[in-house]
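Enquirer: quick check, what structure comes out for this input:
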Amino acid sequence: MSNADIFVGEVIGTAILILFGAGVCAAVTLRHSKARASGWIVIAFGWGFGVLAGAYTAAPLSGGHLNPAVTLGIAVDTGEWGKVWVYLLGQMAGAMLGAVLAYLVYLAQFQANVRSEGTAEGIDEGTGEEPTPTLGIFSTIPEIRNPVANLITEIIATIALVLPVLAFGLTEGLGESGITVLIVSLLVVGIGLSLGGPTGYAINPARNLGPRIVHTFLPIPNKGTSDWGYAWIPVVGPLVGGALAGLLYNAAF
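Expert: The predicted structure is shown next:
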C-alpha cells in the first residue's frame, strides 16, 4: 500500500466512523431529534455500525485501522514503524472531518441549543430551557472524574479491543471472507455495553482528540466547555493499551 492510499483510506474510513458515532450521540442527546433519550444501547450499536461502515470502506486502501491504538499495537507486534505516521495523520484528519459532518447533519438541532434566561433571537421553540451540553456528542466524559481510575479503564478497554483484533489474524479464513470487520464491529459494541460505563470508552485517541478540537471551534450556541483538562486521558490510555496489547500478543502468540 502506498502512503497516498493509506492516507486517503484512513481519512475516509475514520470520517465515516465519526460521522456515525458522533451522529448517534447527537441523535440521542439533542432536542428536536427523533431519537432523543433512546439510551446507551443505541449509542453502543451506533458506534459499532460506524466501525463496520468505516472499516469496510477503508480496507481496500489502508486495511482500515481507523484507530491509532490499533496502528500502534500492530507496529509493536510486527516491528514495522515506517508507515505509522501516515496512518496517524489520516486518522486525525478523518476524525475532524467526520465531526464536522455530524455537526452539519444536526445543524438545526445545534442551533436550537438555548439559554435558560429570556428569549434568544431567532429561536422560537424551546426558549426557557437549559442548554444541552454538547461535548459528549464529540468526545468522551467520565461519569466519575478520577484520573487514575479513568486511565485504567481506558487502558483495559483498549487492550480488550486491540488484542482480539490482532488475534483475529490467526483465524484462518476470516481475512479472506471479509468477516473480520463484522466481528470487530460487534467487539466494539460489546466493549461499549460492558466496559463503556465509567468513561464512555474512547479506546481510540483520534476519535476523542479530533472531535474535541472541532468542538472547540464550532459555532455551537451555548456549547459549554471542551474540557481540555481531561483530554489527555482518552489519548494516553488507549495508546498505552494498544502498546501493551501488541507486547502481550507478541509474547503469547
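
Enquirer: hey, let's count contacts and neighbours off CA atoms from now on
Expert: Noted.

Enquirer: give me the longest helix you can find in the protein.
Expert: Counting residues, the longest helix found in the chain (DSSP state H) is helix 3-29.

Enquirer: beyond that one, next helix or strand please.
Expert: helix 40-62 (DSSP states H and E).

Enquirer: gap between Thr153 and Ala251?
Expert: Separation of Thr153 from Ala251 (Cα to Cα, to the nearest Å): 23 Å.

Enquirer: more neighbours: which of these two?
Expert: Thr153 (25 against 9; other Cα atoms under 10 Å).

Enquirer: give me the element that one is part of.
Expert: Using DSSP H and E, the element containing Thr153 is helix 147-168.

Enquirer: may I see the buried residues of that helix?
Expert: Residues of helix 147-168 classed as buried by neighbour count (16 or more other Cα atoms under 10 Å): 150-163, 165-166, 168.

Enquirer: list the buried residues in stretch 55-64.
Expert: For stretch 55-64, the neighbour count (16+ other Cα under 10 Å) marks Ala55, Tyr56, Thr57, Ala58, Ala59, Leu61, Ser62, Gly63, Gly64 as buried.

Enquirer: export those residues as JSON lines, with columns for distance to Met96 and pLDDT.
Expert: What follows is those, written out as JSON lines (distance: Cα to Cα, whole Å; pLDDT from 0 to 100):
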{"residue": "Ala55", "distance to Met96": "17", "pLDDT": "94"}
{"residue": "Tyr56", "distance to Met96": "20", "pLDDT": "94"}
{"residue": "Thr57", "distance to Met96": "18", "pLDDT": "95"}
{"residue": "Ala58", "distance to Met96": "16", "pLDDT": "96"}
{"residue": "Ala59", "distance to Met96": "20", "pLDDT": "92"}
{"residue": "Leu61", "distance to Met96": "20", "pLDDT": "95"}
{"residue": "Ser62", "distance to Met96": "18", "pLDDT": "95"}
{"residue": "Gly63", "distance to Met96": "20", "pLDDT": "91"}
{"residue": "Gly64", "distance to Met96": "17", "pLDDT": "92"}
